[in-house]
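A.B. asks: Predicted model and sequence below, questions to follow.
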Amino acid sequence: MPEAIDISVDRLSKTYGNLVAVNNISFEVPRGTIVGFLGPNGAGKTTTIRILTCYMPPNAGSARVAGFDVFHESLKVRENIGYLPESTPLYPEMRVEEFLHFRGKLRGMDRAARTKRISEVVARCWLTGRERSCIGTLSKGYRQRVGIADALLHNPRVLVLDEPTVGLDPAQIREARKLIAGLAGDHTVLLSTHILPEVEMVCQRVIIIARGRIVAQGTPEELKNRSGSGIRVEVKGPADQVRSALKAIPGIDTVDGQAEGSISKLVLRGKTSSELREQIAGTIAQRGWALRELRTEGVSLEEFFVQITDTETAAA
Amino acid sequence: MGKITALAQREVGSLFYSLIGYIVIALYLLIMGILFANFVFIPGMPSDMRMLFEFSYIALIFVIPIMTMGTFSEEYNSGRIEMLRTSPVTDFDIVMGKFLGAMGFYLALVASTLIYLLLLAIFGHPNYGCVQAGYLGLLLMGTLFVSVGLFFSALTRHQIIAAMCGIIALAAVGFFSDAAAERLAGSTSAPWQVQVVSMLRYLSFRDHMMGFSKGIVEVAHVFYFLGGAFLFLFSTYLVVESRKWR
């Protein structure tokens, strides 16, 4: 059964005068996944999101969200999307309940549906007890929750959240991430953020954009492995022989590290795979040396992100 | 239709909530009160609201642009336009909703002058037919002024500029159109010049309001106000719609 694609972007471009904000990008998001949309400031994340939510049209290319084209079927897209912009725009003079009723009316929900959904989202977003508060009196954390409640109100298929945890305190951030992670499966979520640990915790897929182009796509695991992480080895044996024996293993590119007497602490770099570790262990055992430690050193997503966006900036 | 109603309701509510709304009402009542006390509510004068209607434009030229200055400007400023634009509402819905909301507040503003009618009814015998015509004229003029105010609000994110431009535009036509026509009329003879003078004359809403304040409802004048309102509302729609292409 082919996977349903909820967001598909095809050769999308957007220029502001002479500045090319988004340069011919294409990607797909399958239904039910949470995708992290990462990139340095000015990379084109917000622009892409604004195109997907029909705030502005692209200069070239096309995008389809929830099965509708963002340019030709804009109204239908907007009916099926829940969007939380970075600035969380709300009406400070309105009460939370009032605001949610207003947003429900804009989406064509009748009174019964509205009342039911509002009590559901209020519970889900931990807003219970604050329905009658004026939005202007709420803290940033609560306002963010109102924004998320608004995005969830009409139970849209696709959710687009632009930096939803910015400005929240650590406890609130944890709750917000729990909320977002809990959305997987029922909704397709495009989460734009700077906070990399958040991406690792919450997202099933990652798209990294820099200078208007996509520079990496994949699961967080795939991306971390791609950056050529090392294998840490601690061996007891004659230093030079250990080095040359390990270097000789096919797939190993470099062997770095030092030897202290008969203990060699080395980092091997090459194509990471589980067979490699087995081969290393096998070689050491064969030669009769003592294996004290064998570990894959994972590069964090942050490392990968910095590497890849640096290269992109350097190449540009 | 429900969406436009929802937008209009929110707009009215916001105007009643904000300080600007009450400043506007106070300013309007101040000016109208002065007019009433000095020109109408004098023993021996006929119980006629004509002066009020004829000169209410003085108050409205200032009051309405201030009332409408935030309608679009605040949305741009606060980023709420993004929220509106990404909701399943058309630009037409947005403009109509804001217009009807502003008109709703204007109705409340005009309704506050009913107290003058009440006073006249207690102490005299006002001609209700004339009064009705007068209020109709006031409403029509308000429709035009509100559309002008909305237009300038949609053009800029700075409320003060929107208010100033609205006031200047309305004042230019209200205070100077007639005078300009007078001056030119004196020194012209060629047919095209006469046309220019009559065009300037036509622009002046004071002339068009005159009939209503006297109690006469002429369709031509109704069309002036409604046509003008349509022109500015359509322009507002175009401005709002064009923003997404920038």
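C.D. replies: Cool, got the structure. Residues are numbered from 1 along each chain as shown, chains lettered A, B, ... in the order given.
A.B. asks: Flag every buried residue along stretch A:150-164.
C.D. replies: Neighbour counts over stretch A:150-164 (16 or more other Cβ atoms under 10 Å in any protein chain shown) mark A:150-154, A:156-164 as buried. C-beta coordinates here come from the backbone N, C-alpha and C atoms, glycine included.
A.B. asks: swap that for stretch B:131-149, please
C.D. replies: Taking 16+ other Cβ under 10 Å as the criterion, stretch B:131-149 shows B:131, B:133-138, B:140-149 as buried.
A.B. asks: same question, stretch B:157-175
C.D. replies: Buried residues in stretch B:157-175 (16+ other Cβ under 10 Å): B:159, B:162, B:163, B:164, B:165, B:166, B:167, B:169, B:170, B:173, B:174.
A.B. asks: Work out for me the element residue 62 sits within.
C.D. replies: No chain specified, so I'll use chain A. Element membership for residue A:62 (DSSP states H and E) is strand A:60-65.
A.B. asks: switch to chain B, that's the one I care about
C.D. replies: Using DSSP H and E, residue B:62 falls in helix B:50-68.
A.B. asks: Now do that helix, average pLDDT.
C.D. replies: Computed over helix B:50-68, the mean pLDDT rounds to 91.
A.B. asks: what's residue B:127 sitting at in phi/psi?
C.D. replies: When quoted as degrees, to the nearest 10, the phi and psi of residue B:127 stand at phi -80, psi 110.
A.B. asks: can you count the residues close to it?
C.D. replies: 16 (other Cβ atoms under 10 Å in any protein chain shown).
A.B. asks: residues contacting whatever residue of the stretch 201-316 of chain A ends up closest to chain B?
C.D. replies: Residue nearest to chain B within the stretch 201-316 of chain A: residue A:212 (18.4 Å; Cβ to the nearest Cβ). Residues near residue A:212 by Cβ atoms under 8 Å, 6 or more residues apart in numbering or on different chains: A:20, A:21, A:22, A:23, A:25, A:43, A:44.
A.B. asks: any idea where the helices of chain B begin and end?
C.D. replies: B:2-17, B:19-35, B:50-68, B:70-78, B:80-85, B:91-111, B:114-123, B:128-155, B:159-171, B:177-186, B:191-203, B:205-214, B:219-242 (DSSP state H).
A.B. asks: follow-up on the earlier one: between the helix holding residue B:62 and helix B:128-155, how big is the angle?
C.D. replies: Interaxial angle of helix B:50-68 relative to helix B:128-155 (axes from the mean of the first three to the mean of the last three Cα atoms, to 10 degrees): 20 degrees.
A.B. asks: what's the angle from helix B:50-68 to helix B:2-17?
C.D. replies: Between helix B:50-68 and helix B:2-17, the angle comes out at 100 degrees (the same axes, to 10 degrees).
A.B. asks: Now do the worst-scoring helix or strand of chain B on mean pLDDT: which elements does it pack against?
C.D. replies: Here the helix or strand of chain B ranked lowest by mean pLDDT, DSSP states H and E is helix B:177-186, holding a mean of 75. If contacts are counted by 3 or more Cβ pairs under 8 Å, 6 or more residues apart in numbering or on different chains; DSSP states H and E, helix B:177-186 sits against helix B:191-203, helix B:205-214.
A.B. asks: out of these, which comes closest to chain A?
C.D. replies: Using Cβ to the nearest Cβ, the nearest of the helices and strands packed on helix B:177-186 to chain A is helix B:205-214, at 33.0 Å.
A.B. asks: residue boundaries of the strands in the stretch 201-316 of chain A?
C.D. replies: All strands of the stretch 201-316 of chain A, identified by DSSP state E, counting those that start in this stretch, fall at A:205-210, A:213-218, A:230-236, A:252-260, A:263-270, A:290-297.
A.B. asks: ok, so of the contacts of residue A:212, who is nearest chain B?
C.D. replies: For those, the nearest to chain B is residue A:21 (12.9 Å; Cβ to the nearest Cβ).
A.B. asks: What are the contacting residues of the helix or strand containing that closest one?
C.D. replies: Using DSSP H and E, residue A:21 sits within strand A:19-30. Residues outside strand A:19-30 that contact it (Cβ under 8 Å, 6+ apart): A:3-15, A:35, A:44, A:47-48, A:51, A:58, A:60-61, A:188, A:190, A:205, A:207, A:209, A:211-214, A:217.
A.B. asks: List the buried residues in it.
C.D. replies: A:20, A:21, A:22, A:23, A:25, A:27, A:28, A:29, A:30.
A.B. asks: how much space is there between the closest residue to residue B:149 other than its chain neighbours and residue B:153?
C.D. replies: The spatial neighbour of residue B:149 that comes closest, neighbours along the chain excluded (Cβ to Cβ, 6 or more residues apart in numbering or on different chains), is residue B:68 at 3.2 Å. With the distance defined as Cβ to Cβ, to the nearest Å, residue B:68 ends up 5 Å from residue B:153.
A.B. asks: What pairs with the strand holding residue A:21, parallel or antiparallel?
C.D. replies: Paired neighbours of strand A:19-30 in the sheet (DSSP bridges): strand A:5-16 (antiparallel).
A.B. asks: What are the contacting residues of the partner strand?
C.D. replies: A:20-32, A:35, A:44, A:47-48, A:51-52, A:56, A:58-67, A:157-158, A:188, A:190.
A.B. asks: picking up where we left off before, check the helices and strands packed on helix B:177-186 for me: which has the lowest mean pLDDT.
C.D. replies: Minimum mean pLDDT among the helices and strands packed on helix B:177-186: helix B:191-203, a mean of 79.
A.B. asks: chain center to it: distance?
C.D. replies: How far helix B:191-203 lies from its chain's middle: 24 Å, per Cα atoms, centre = their mean, to the nearest Å.
A.B. asks: can you check stretch B:219-238 too?
C.D. replies: 12 Å.
A.B. asks: Extract the C-alpha set from it and format it as CSV.
C.D. replies: Output of stretch B:219-238 as CSV, limited to C-alpha atoms (Å, rounded to 0.1, in the frame of the first residue of the first chain):
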residue,chain,number,x,y,z
VAL,B,219,-31.4,59.4,-5.2
ALA,B,220,-28.5,61.1,-6.9
HIS,B,221,-27.0,62.0,-3.5
VAL,B,222,-27.5,58.5,-2.2
PHE,B,223,-25.6,57.2,-5.2
TYR,B,224,-22.7,59.7,-4.5
PHE,B,225,-22.2,58.3,-1.1
LEU,B,226,-22.7,54.6,-1.9
GLY,B,227,-20.6,54.9,-5.1
GLY,B,228,-17.8,56.6,-3.2
ALA,B,229,-18.0,54.0,-0.5
PHE,B,230,-17.8,51.2,-3.1
LEU,B,231,-14.8,52.8,-4.8
PHE,B,232,-12.9,53.0,-1.5
LEU,B,233,-13.9,49.6,-0.4
PHE,B,234,-12.9,48.0,-3.6
SER,B,235,-9.6,49.9,-3.5
THR,B,236,-9.1,48.5,0.1
TYR,B,237,-9.7,45.0,-1.2
LEU,B,238,-7.1,45.5,-3.9
